[in-house]
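Participant: When you get a sec, could you give me coordinates for this:
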Amino acid sequence: MELEFLKELNESQRKAVQYTDGASLVIAGAGSGKTRVLTYKIAYLLKTGMAPSSILALTFTNKAAREMKERIAMMVGEKTARYLWMGTFHSVFSRILRSEAELIGYSKNFTIYDSADSKSLVKSIVKELKLDDKVYKHGFVQSRISYAKNNLITPDAYLANSDLMKADVSSKIPLMSDIYKIYCNRCKQADAMDFDDLLLQTNVLFRNHPDVLQNYQQRFGFILVDEYQDTNFAQYLIVKKLAEQHEKICVVGDDAQSIYSFRGANIDNILKFKSSYQHAQVFKLEQNYRSTQTIVNAANSLIDKNSQQIKKTVFSEKETGNQIKLLSVFTDFEEGFVVANNISDLRSENNYRYQDIAILYRTNSQSRVMEEALRKQTIPYRIYGGLSFYQRKEIKDVIAYCRLVCNPNDEEALKRIINYPARGIGDTTVNKLIECSQLHAVSAWEVLTDMLKYNLPVNAGTANKLAQFRSMIDVFAEQVTIQSAYDLANSIIKVSGVISDTYGDHSPESMSRQDNVQELLKAIHEFCDIKIADGEPIALLPDFLSEVSLLTDQDTDKDTDKDKITLMTVHAAKGLEFKAVFIVGMEEELFPSPFSQNERELEEERRLFYVAITRAEERCFISYAKSRFKNGKTNFSNPSRFIKDIDEQYLEMPVEAKPKQARISDWDNDMEVERKRFQPTFSKPIIRENVLPQNPKRLVKVGSSAGDKFLVENATIPTGVFVKHALFGIGKVLETSLVNGNEKAEIDFGEKGVKSLLLKFAKLEVLK
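Facilitator: Residues are numbered from 1 along each chain as shown. So this is what the prediction gives:
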């Protein structure tokens, strides 16, 4: 059946869309139209007669699911698209779990703990067990629990696994299995699941209730999975079970972009897809529509060095484009300066907007020097993945009230707001409440409902305060099934005292909190409007909480001023694209990570570099520093081995290498020479007269031995001269000094202030 919209696809995309006879794997190279194929395939299934409610489409972000659904609605109509089962793994399976919750011992209104809730519970357990939190670090313990759940290892199975127990002993955390068991019990008491439970408990549900599994197997006539290379074992098994009867499944992904093993993702899921589905067809999308030929070819030459991969030949028919530019600098401080200068050049020479440019790094700590350099040149930027809207304190406080109203057993919500706003219930009372609940193996709320029965050791005054709090929550709880989410949330904010506390003064901070609370109410109102437009008689608060608990940073990015440079880790950049990309810190012991100990881990680091390069549409810059300040001292570094993996014909060599026409293969030898040459610069800050660079300029020493500086007479740009700078305008040179062998000028730019600029980078025009 030939449909008109299929003509918009290339031949490879069209074949992948039209194959519906069985399992299929679509290997989608970077920028090859992966989302387009998924969208058109779902539209094709609908156009050829499949019911929307029988299609299950799984993504990794709500944003991706929402955008795909909107595109599909434009092709087949909004009424049809509305009934698709489309969303993230966690949102779809939380929907199933809420329908079947009672079968596995939960209520339909169970709470979903975010990572902050999970870490808070771990912290409480470690404290209660009187363990050293410097040994049993909360983040590490939380990651061990997450690892176990993603591999479907229950607390009992964990205890029975000798390898895990030995690993815990060697890591000096022998009580890890006890913490895990207590953690799971406390979640169950609180009628709560964390993110990993949404996958673990779905597997438990399907394992223990074959009739439920069969029901969903029959319901989903076709299953589609996006970013299949990022699936973990728990996700793999759920999908395998659901597709077991008919094997009508299409997975889309790129093994070359598998970069999340630290989250449990298993590249073998995509590499061995044909072993799991023996009659599967493989389709390859190899035309890159995003990047220039040079960028695509450079990325290909890099990833070709990996042995574990599904071979494909990605190509581009766009212009050839510029070579990837290598930037070699002496220090990480200079790296920031050079990157900022190149950004200014892109703005002036290519008319790029700030939002067209991204700076990518391996670790978050690298952002500091980049931020400083951008600030000094008044270049606006944003840190991607910063504090999201729903992680702000005032928002989490209101959400905690809503959670407790819908699920009074939610211990983390109770602890957060039992004394907010202050009502005279201190930490000592809260600790007694939690201890009492654990003694009797019931929830803290159960203790509050009958304090005499459970012998809660508090005085009459405190008991009265607790009773008043409980009564307030009870009144709200009675309205959960009859009031709209907006009306109930509005009442909670007013009656609880949150509104009075938030509007307590007119400071800028208080005003910001007020705006955020109003923005939350606006979001709830919009949610209610959408539900009613979808034909539901009323939108309830538990429905809103269920949706909010599954939002990601991408879904809650509220930065309205978009024209800024984007700073982010390479991991966070996956799925995004920019006209120009700067990949900074490409050095050994940084990228690849020093924690990559074996070939499998090194191949993932190489894939991460591949992802970084393929974010660029037109220009790509790679920078590395010969020294980097870390752990209180300056360390020498070598260029990353991965730079050598790129075919040299696609690289523009650093300026310093051009006179020698150096090749990458010469760099290791050159670095030893550079070490010796610059050793005085990076040793102790005291510069002795006999090691100063030979310079015809006369030097005048000023300052102390801890921070020697040498003013320069007969400087390149003398004191008193007027100069012009591309960003700061016209300024007057106040003094020129020699610091670490480089001339630095203090220049007064009037309203722009006094700036300290290294002359080798400043690109100053001397005015006659």
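
Participant: Quick check: next helix or strand after the longest helix along the chain?
Facilitator: Taking DSSP state H as the criterion, the chain has its longest helix at helix 508-533. Following helix 508-533 in sequence order, the next helix or strand is helix 541-548 (DSSP states H and E).

Participant: Partner strands of whichever helix or strand comes after that next one and their direction?
Facilitator: As assigned by DSSP H and E, the chain's next helix or strand after helix 541-548 is strand 565-569. Within its sheet, strand 565-569 is paired with strand 357-361 (parallel), strand 381-383 (parallel), according to DSSP bridges.

Participant: deepest of the ones you listed, which one?
Facilitator: The highest average neighbour count among the strands paired with strand 565-569, using mean count of other CB atoms under 10 Å, belongs to strand 357-361 at a mean of 26. The way it works is simple: take the backbone N, C-alpha and C, and place the C-beta from them, glycine included.

Participant: which other residues reach it?
Facilitator: Identification of contacts with strand 357-361 by CB atoms under 8 Å, 6 or more residues apart in numbering yields 339, 343, 346, 367, 370, 381, 565-570, 573, 576, 578-585, 612, 615.

Participant: Can you select the buried ones from those in ChimeraX?
Facilitator: Here is the ChimeraX command that selects the buried residues among those (16 or more other CB atoms under 10 Å):
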select :339,343,346,367,370,381,565,566,567,568,569,570,573,578,579,580,581,582,583,584,585,612,615
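
Participant: In helices, which of the contacts of strand 357-361 appear?
Facilitator: Judged by DSSP H, the subset of the contacts of strand 357-361 located in helices is 339, 343, 346, 367, 370, 570, 573, 612.

Participant: Any regions of the stretch 151-300 of the chain where pLDDT drops low?
Facilitator: Along the stretch 151-300 of the chain, segments meeting pLDDT under 70 are nowhere present.

Participant: dump the residue contacts of residue 767.
Facilitator: Here residue 767 is in contact with 721, 722, 723, 724, 730 (CB under 8 Å, 6+ apart).

Participant: Stretch 570-586: end-to-end distance?
Facilitator: One end of stretch 570-586 to the other measures 12 Å (CA to CA, to the nearest Å).

Participant: and it, how far out from the chain's middle?
Facilitator: 13 Å (CA atoms, centre = their mean, to the nearest Å).

Participant: Next: stretch 21-34.
Facilitator: In terms of CA atoms, centre = their mean, the centre of stretch 21-34 is found 24 Å from the chain centre.

Participant: And that stretch, what's buried?
Facilitator: Buried residues in stretch 21-34, counted by 16+ other CB under 10 Å: 23, 24, 25, 26, 27, 28, 29, 30, 31, 32, 33, 34.

Participant: got the end-to-end distance for it?
Facilitator: Chord length of stretch 21-34, first to last residue, is 20 Å (CA to CA).

Participant: what do you get for stretch 585-595?
Facilitator: Per CA to CA, stretch 585-595 runs 16 Å from first to last residue.

Participant: cool, stretch 232-250 as well?
Facilitator: One end of stretch 232-250 to the other measures 17 Å (CA to CA).

Participant: Please report how far residue 197 lies from residue 126.
Facilitator: 20 Å (CB to CB, to the nearest Å).

Participant: Have a look at the two and say which one is more surrounded.
Facilitator: residue 197 (24 against 20; other CB atoms under 10 Å).

Participant: Now do the same contact list for that one.
Facilitator: The contact partners of residue 197, by CB under 8 Å, 6+ apart, come to 149, 187.

Participant: Please tell me how far it sits from residue 549.
Facilitator: Distance, residue 197 to residue 549, using CB to CB: 12 Å.

Participant: Repeat that for residue 211.
Facilitator: Distance from residue 211 to residue 549, by CB to CB: 28 Å.

Participant: Can you list the residue ranges for strands in the stretch 551-700 of the chain?
Facilitator: In the stretch 551-700 of the chain, the segments counted as strands under DSSP state E, counting those that start in this stretch are 565-569, 578-583, 616-630, 633-636, 651-652, 698-702.

Participant: Residue 614: neighbour count?
Facilitator: Neighbour number of residue 614 under other CB under 10 Å is 30.

Participant: Tell me where the stretch 351-500 of the chain is predicted with low confidence.
Facilitator: The model of the stretch 351-500 of the chain has pLDDT under 70 over residues 385-388.

Participant: Spatially central residue for this protein, please.
Facilitator: Centroid check for the chain by CA atoms, centre = their mean gives residue 572 as the closest residue, at 4.5 Å.

Participant: What lies in contact with stretch 277-288?
Facilitator: Outside stretch 277-288, the residues touching it (CB under 8 Å, 6+ apart) are 10, 12-13, 15-16, 19, 22-34, 37, 243, 247, 249, 273-274, 296, 310, 312-317, 614.

Participant: Which residue is the nearest non-sequential neighbour of residue 424?
Facilitator: Nearest non-adjacent residue to residue 424, counting by CB to CB, 6 or more residues apart in numbering: residue 465, 5.3 Å away.

Participant: Could you say which helix or strand holds that neighbour?
Facilitator: Per DSSP H and E: helix 460-477 holds residue 465.

Participant: Now that helix - C-alpha only, PDB.
Facilitator: Output of helix 460-477 as PDB, limited to C-alpha atoms (Å, rounded to 0.1, in the frame of the first residue of the first chain):
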ATOM      1  CA  ALA A 460       0.600  16.400  75.600                       C
ATOM      2  CA  GLY A 461       1.500  19.700  73.900                       C
ATOM      3  CA  THR A 462       3.400  18.000  71.200                       C
ATOM      4  CA  ALA A 463       0.700  15.300  70.800                       C
ATOM      5  CA  ASN A 464      -1.800  18.100  70.200                       C
ATOM      6  CA  LYS A 465       0.300  19.700  67.500                       C
ATOM      7  CA  LEU A 466       0.700  16.400  65.700                       C
ATOM      8  CA  ALA A 467      -3.100  15.800  66.000                       C
ATOM      9  CA  GLN A 468      -3.800  19.200  64.400                       C
ATOM     10  CA  PHE A 469      -1.400  18.400  61.500                       C
ATOM     11  CA  ARG A 470      -3.000  15.000  61.000                       C
ATOM     12  CA  SER A 471      -6.500  16.500  61.000                       C
ATOM     13  CA  MET A 472      -5.600  19.100  58.400                       C
ATOM     14  CA  ILE A 473      -4.200  16.400  56.100                       C
ATOM     15  CA  ASP A 474      -7.300  14.200  56.700                       C
ATOM     16  CA  VAL A 475      -9.600  17.100  55.600                       C
ATOM     17  CA  PHE A 476      -7.600  17.400  52.400                       C
ATOM     18  CA  ALA A 477      -7.500  13.700  51.800                       C
END
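
Participant: Need the contact partners of that helix.
Facilitator: With contacts defined as CB under 8 Å, 6+ apart, helix 460-477 is touched by 401, 404-406, 408, 418, 423-425, 429, 433, 445, 448-449, 451, 456, 458, 488, 491-492, 495-496.

Participant: follow-up on the earlier one: please tell me which one of the contacts of residue 767 counts the most neighbours.
Facilitator: Of those, with other CB under 10 Å as the count, residue 723 tops at 21 neighbours.

Participant: low-confidence ranges in the stretch 651-768 of the chain?
Facilitator: Short version for the stretch 651-768 of the chain, where the test is pLDDT under 70: 655-715, 739-741, 768.

Participant: coming back round to it: would you turn the strands paired with strand 565-569 into TSV with distance to residue 648?
Facilitator: Below are the strands paired with strand 565-569 laid out as TSV (distance: least, CB to CB, whole Å):
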stretch	distance to residue 648
strand 357-361	22
strand 381-383	32
